[in-house]
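> return atomic coordinates for the entry below.
(one chain, ligands or ions: 2)
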Amino acid sequence: MALIVQKYGGTSVGTIERIKAVADRVVDTAKNGDQVVVVVSAMSGETDKLIGLAQKISASPNEREMDMLLSSGERVTSALTAMAVEALGYRARSMTGRQAGIITDTVHTKARIERISGERIRKALHEGYVVVIAGFQGVTEGETDVTTLGRGGSDLSAVAVAAAINADICEIYTDVDGVYTTDPNIVPEARKLRKISYEEMLELASLGAKVLQTRSVEFAMKYNVPVVVRSSFNNNPGTLVVQEEKDMENVVVSGVAYDKNQAKITIVDVPDKPGIAAKLFDVIASSNIVVDMIVQNVSSDGKSADISFTVPKTDSKRAVEVTGKIAAELGAKRVDLREDISKVSIVGVGMRTHSGVASKMFQTLASHGINIVMISTSEIKVSCVIDLKFTELAVRVLHAAFGLAEAAGV
Ligand code: ASP
Ligand code: MG
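Numbers count the residues shown, from 1 in each chain. Ligands and ions are numbered 1, 2, ... in the order given. Alright, predicted model coming up:
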């Protein structure tokens, strides 16, 4: 008998028919003799709709009230899913985040899970219930306030519950078959990966491959929760996300990712002296803007520098404002903004043991006339900022250059 957590995303519970299909799958699992904990998202579009309603009242609604509002979407699907399971003759019990014992910090709309008591979940399982938990939500210590975990947070709920009850596996059901070598909308011959390491998945998720929320992957890695990403619309096996295994290093590049939500800000001609970067990025960080790449060029006379960095496009206006103020204080010449850029990245644990991967990427882009604006690397990733209009071309040629359509996979 296995203990299985199954998470169903918004499209998988998007209609009553879909909820009934989820119940069928849950019951099939239970029939096998396995214990099942289900975690559900809100019906697709529901969270956006609720955000829209709030914004009709205020441009910056109270965040505590936002959490009360947004958590309702998952509450609806958890109850409906439990009813659908019961309609098939099985016992099911829905739980809110609070009832499931998911305790978070007090940061409304992006709370972090501090602990999960899991007692009530275990008890209900023991009594023979299928437990259906409303994803994306928790409660602060002392059960004072409802919190939500940030967009896509039901993935995190599922992984965290799986860790807390020591589940054998956490299955994430979505509307795609698994994790692909790249976006199949751009490269039709993109291949589904059978297996991928946490670290690679983490890079891909943070690079904008939307199949798993980044924080859920961090959590799975930390607590070594095996995760499967698969479709709720068919019975294909999906992609297993697990600890790195020896044979994974044979594959140099596992995936090509891209992110169009990037903007580049450059402060031109700042004095080249100690403390400038520290001041600049301190101000940006305290405005809660996440900086990704940073490049500094010092002029040949060594007196001044240009500092460029990238931020999410959605934060670019605010970042320019903040940077403009500090630039004036620092005596910089001006601040430039470019929004017509994107970031294309190759990811693979095999890069640790193979050389020449970055140069092959640069050559491939060069031979297609794609200019590289910025470069950054990590042990298992090379990212290039390029012109936005070349994004699809870059993804296609890199996917081909690294033979991702043909690779045997691991
Ligand atoms: N419903 C929430 C969202 O749309 C959480 C989730 O679906 O994972 O972000
Ligand atoms: Mg999701």
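
> list the contacts of stretch 390-406.
181-183, 186-187, 189-191, 252-256, 258, 260, 342, 344, 346, 360-361, 364-365, 367-368, 370, 384, 386 (C-beta atoms under 8 Å, 6 or more residues apart in numbering). From N, CA and C alone the C-beta is placed, and that goes for glycine too.

> ditto for stretch 45-63
Stretch 45-63 has contacts (C-beta under 8 Å, 6+ apart) with 10, 14, 65-66, 69-70, 72-73, 76, 108-109, 136, 151.

> send the alpha carbons of stretch 293-308 over as CSV?
Written as CSV, here are the backbone C-alpha positions of stretch 293-308 (Å, rounded to 0.1, in the frame of the first residue of the first chain):
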residue,chain,number,x,y,z
MET,A,293,21.8,39.3,-14.3
ILE,A,294,24.3,42.0,-13.5
VAL,A,295,27.1,43.2,-15.8
GLN,A,296,29.6,46.0,-15.0
ASN,A,297,32.0,47.5,-17.6
VAL,A,298,34.7,49.8,-16.5
SER,A,299,35.9,52.4,-19.1
SER,A,300,39.4,52.1,-20.3
ASP,A,301,40.6,55.1,-18.3
GLY,A,302,39.3,53.3,-15.2
LYS,A,303,37.3,56.3,-13.9
SER,A,304,33.8,55.4,-14.6
ALA,A,305,31.7,52.3,-15.2
ASP,A,306,28.4,51.3,-16.8
ILE,A,307,26.3,48.9,-14.7
SER,A,308,23.6,46.9,-16.5
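
> one step back: give me the buried entries from the contacts of stretch 45-63.
10, 14, 66, 69, 70, 72, 73, 76, 108, 109, 136 (16 or more other C-beta atoms under 10 Å).

> which ones are touching the second one?
If I follow you right, that is residue 14. Contacts of residue 14 were listed using C-beta under 8 Å, 6+ apart, and they are 43, 44, 45.

> who wins for neighbours among the residues you listed?
residue 43 (22 neighbours; other C-beta atoms under 10 Å).

> which residues touch the residue in the stretch 151-300 of the chain that ligand 1 sits nearest to?
Per C-beta to the nearest ligand atom, residue 154 is where the stretch 151-300 of the chain lies closest to ligand 1, at 3.2 Å. With contact set as C-beta under 8 Å, 6+ apart, residue 154 has these partners: 7, 9, 39, 40, 41, 74, 135, 136.

> now the contacts of residue 14 as TSV including pLDDT, distance to residue 297 and secondary structure?
Shown next, in TSV, are those (pLDDT from 0 to 100; distance: C-beta to C-beta, whole Å; DSSP: H, G, I helix; E, B strand; the rest coil):
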residue	pLDDT	distance to residue 297	secondary structure
43	98	50	coil
44	97	45	coil
45	97	45	coil
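
> quick one on the thing from earlier: how about the residue of the stretch 151-300 of the chain closest to ligand 1: what's its closest non-neighbour residue?
residue 135 (2.8 Å; C-beta to C-beta, 6 or more residues apart in numbering).

> do you know the pLDDT at the one you found?
Note for residue 135: predicted pLDDT of 98.

> ok, now how distant is it from residue 177?
Going from residue 135 to residue 177 by C-beta to C-beta, to the nearest Å gives 21 Å.

> ok, those two, which is more surrounded?
Between residue 135 and residue 177, residue 135 has the larger neighbour count (other C-beta under 10 Å), namely 31 against 18.
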